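J.: Take a look and give me a structure for this.
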Amino acid sequence: MKFNNLKLIEPILQAIEEKGYETPTKIQAAAIPIILQRKDVLGIAQTGTGKTAAFAIPIIQLIYRIDGNRQKRPPLRALILTPTRELAIQIDENIRDYNKYTKIKHTVIFGGVKQGKQVQAIREGVQILVATPGRLLDLINQRILTLDDIKVFVLDEADRMLDMGFIHDIKKLLRVLPEERQTLFFSATMPANIITLSSKMLIDPQRVEVARKSSAAEAIDQFVYYTNRDKKVDLLNYILQDTEDEQILVFVRTKHGADRLAKKLKRGRFRADSIHGNKSQNGRQKTLKNFKAKLTKVLVATDIAARGIDITKLRYVINYDIPNVPETYIHRIGRSGRAGEEGIAISISEPEDNVHVRAIERLSKKAITKVEDHPFPQTDKPMTEREKKEWNKEKQRRKQEYFRSRKNGYRR
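T.: As a prediction, the model looks like this:
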């Protein structure tokens, strides 16, 4: 199938052709015709499947049919809600590319920066708004923005949205959105709370399921190195030496852990940087820009900050800290092997993480290849008093994370 077979208008076809798109992905081929028919969609798709284009392209066409190429202040027709600033910016950039010849007005709003430029763009009139929940509700409460003319509402990354605690914000938005609207609901996983939320938002939805939660793991070569906590940095340096000029995305659990690890890697003469929620928006964008431009070799990231990192040629993802929620592991490694490229996922497991490796294998129904030939093997030596103290803090943090994940609907 080609994009020409999806009944897209010529301005959109011209724009996506210039981006190098020829054949739609599975999610695009399935979702675009349904959205153009003005039906609700329940989409289940992993990262890297072309999901953004699957909803952005038909939304542009629907608005173009409703409003045409309006030059005066147009009404807001589509709202795309997403959990993080990075992902919101990425979606808006994609809309800009697909919209090149239709000239539909769009903008993106998010917190962490002054609202002046965002307010100005809204007052000049936009037809498509990409937003994070906090800033959106803030502008609604200030009466700067209303959703009365919304025709299409998109909830993207729904599972991550709930995992980050945005359920109450979503409920507030549902109360001010028009009842007569088209709703597009996308999630990588379908735990119980997502099923409940989708049933409240969607009317007779068409289900589009392209990739189940374990499929990303099946498409990527996965390896695990077993070591002890005090040797993890040495092992990571050892692994990075064999990656030549490849870019590496390294996942850690905490913001402070990201900064500490990036500093240690710099001492090992690697071009490393960190990205997390404590950094300013400008700082995060600069870090991402440097990584995409290959000025940085290793980017150390927390899970939330990594949402929106979209690099087609990214081959390596390393779990320096293994998550205790298996679905999070699937999200992480899905950052590699995108658009048909090869992907390699490497995990570094200290003794306390071994149980999480087994849980991940149960979820994906695939054994992770164990790498035994390395200079820092895992041993049963007792922890020092300092390591015991650090581990007790970590156990408490993991316990809290576990109960949060259970509350948000995850089951292992």
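J.: just so I have it, where are all the helices in the stretch 151-300 of the chain?
T.: 158-163, 167-176, 192-201, 215-218, 232-240, 255-267, 281-292 (DSSP state H, counting those that start in this stretch).
J.: and residue 129, that's in a strand?
T.: Yes: using DSSP: H, G, I helix; E, B strand; the rest coil, the secondary structure at residue 129 is a strand.
J.: beta partners of it?
T.: residue 79, residue 107 (DSSP bridges).
J.: How far away from the center of its chain is stretch 122-135?
T.: Distance of stretch 122-135 from the chain centroid (CA atoms, centre = their mean, to the nearest Å) equals 20 Å.
J.: out of the helices of the stretch 151-300 of the chain, which comes closest to residue 150?
T.: Shortest separation from residue 150 across the helices of the stretch 151-300 of the chain is recorded for helix 167-176, at 9.4 Å, computed as CB to CB. No exception for glycine: its C-beta is placed from N, CA and C like everyone else's.
J.: Flag the shaky bits of the stretch 151-300 of the chain, pLDDT-wise.
T.: Within the stretch 151-300 of the chain, the stretches with pLDDT under 70 are 211-219.
J.: Now do the domain split for the protein, please.
T.: For the chain, automatic domain parsing gives the domain ranges 3-209, 215-383.
J.: how about the ones you listed in a markdown table, adding mean neighbour count and distance to residue 393?
T.: Listed next are these as a markdown table, based on neighbours: other CB atoms under 10 Å; distance: least, CB to CB, whole Å:
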| stretch | mean neighbour count | distance to residue 393 |
| --- | --- | --- |
| domain 3-209 | 18 | 22 |
| domain 215-383 | 18 | 11 |
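J.: out of those domains, which comes closest to residue 400?
T.: Here domain 215-383 is closest among those (CB to CB), at 10.8 Å.
J.: Save the domains of the chain as CSV, and put in distance to residue 394 too.
T.: Shown next, in CSV, are the domains of the chain (distance: least, CB to CB, whole Å):
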stretch, distance to residue 394
domain 3-209, 20
domain 215-383, 8
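J.: for these, which one sits closest to residue 389?
T.: The closest of the domains of the chain to residue 389 is domain 215-383. By CB to CB, the value is 9.3 Å.
J.: Distance from that closest one to the middle of the chain?
T.: With CA atoms, centre = their mean, you get 16 Å for domain 215-383.
J.: same deal with stretch 50-59?
T.: For stretch 50-59, the distance to the chain centre is 15 Å (CA atoms, centre = their mean).
J.: same thing with stretch 44-52?
T.: The answer for stretch 44-52 is 9 Å, by CA atoms, centre = their mean.
J.: What distance separates the opening and closing residues of that stretch?
T.: From its first residue to its last, stretch 44-52 covers 12 Å (CA to CA, to the nearest Å).
J.: got it, and stretch 12-23?
T.: 14 Å.
J.: Distance-wise, check residue 277 relative to residue 93.
T.: To residue 93, residue 277 is 21 Å away according to CB to CB, to the nearest Å.
J.: One more: residue 169?
T.: Going from residue 169 to residue 93 by CB to CB gives 24 Å.
J.: Which stretches in the stretch 301-412 of the chain count as strands?
T.: Per DSSP state E, counting those that start in this stretch, the stretch 301-412 of the chain carries strands over the ranges 316-319, 344-349, 369-371.
J.: cool, and the stretch 51-200 of the chain?
T.: Along the stretch 51-200 of the chain, the segments classed as strands by DSSP E, counting those that start in this stretch run 78-81, 106-109, 128-131, 152-155, 182-187.
J.: Including distance to residue 269, could the ones you listed go into JSON lines?
T.: Shown next, in JSON lines, are the strands of the stretch 51-200 of the chain (distance: least, CB to CB, whole Å):
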{"stretch": "strand 78-81", "distance to residue 269": "42"}
{"stretch": "strand 106-109", "distance to residue 269": "37"}
{"stretch": "strand 128-131", "distance to residue 269": "39"}
{"stretch": "strand 152-155", "distance to residue 269": "44"}
{"stretch": "strand 182-187", "distance to residue 269": "41"}
